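> What follows is a predicted structure for the sequence shown.
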Amino acid sequence: MIRIFVDADACPVKAEIYRVAERTGVHVLVVSNSVIAIPQVPWVERVIVASGPDAADDWIAERAVRGDIVITADVPLAARGVKAGADVIGPTGRAFTEASIGMTLATRNLMDDLRSAGQITGGPRPFAQKDRSAFLSALDLAVGRLKRAGFG
């Protein structure tokens, strides 16, 4: 069965994930270190992990495998998911792949260093409706591809 792991603490597309899961019959694990409201349906499960900066990431990374989908904006978690063979999608619809994750991780680390040195103070651009649409499209494609590959 296809599982969608959601790095949920700051995920802006949870409602979209629930709709896709209902339509496609996949199981969703909403992972956070605090209580997050979820729909009371059998295909959505809340997982609360210990508090700590990487507890939810570690929980997801220890369980995600080929045939699963990981939803996260966290680049180090995305790298761990890709390494495990999972499909990894950011909330803006960006797919993290073996071909792209190395450069993405290097860029993230460089930007983190620049911010730490006070060189860059801005953050990412605001989340927009086009990001939501791109995410829905990417998630639909990933679920469809995995179902065709026999994971459904």
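That came in fine, so what should we check first?

> Could you list the buried residues of whichever strand or helix holds Glu62?
Glu62 belongs to helix 55-63 when assigned by DSSP states H and E. Across helix 55-63, burial judged by 16 or more other Cβ atoms under 10 Å covers Ala56, Asp57, Asp58, Trp59, Ile60, Ala61, Arg63. Just so you know, the C-beta spots here come from the backbone N, C-alpha and C atoms, and that holds for glycine as well.

> In CSV: these, plus pLDDT and distance to His27.
Shown next, in CSV, are these (pLDDT from 0 to 100; distance: Cβ to Cβ, whole Å):
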residue, pLDDT, distance to His27
Ala56, 95, 17
Asp57, 95, 20
Asp58, 97, 20
Trp59, 98, 15
Ile60, 98, 14
Ala61, 97, 18
Arg63, 98, 12
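
> Go through those and name the one nearest Ile36.
Proximity of these to Ile36 was ranked by Cβ to Cβ; the top entry is Ala56 with 10.6 Å.

> Distance of the closest one relative to Met1?
Counting by Cβ to Cβ, to the nearest Å, the separation of Ala56 from Met1 is 21 Å.

> ditto for Ala15
Using Cβ to Cβ, Ala15 is found at 22 Å from Met1.

> mind checking pLDDT for the most centrally placed residue in the chain?
In the chain, the residue lying closest to the centroid (Cα atoms, centre = their mean) is Ile71, at 1.3 Å. Per-residue confidence at Ile71 stands at 98 (pLDDT).
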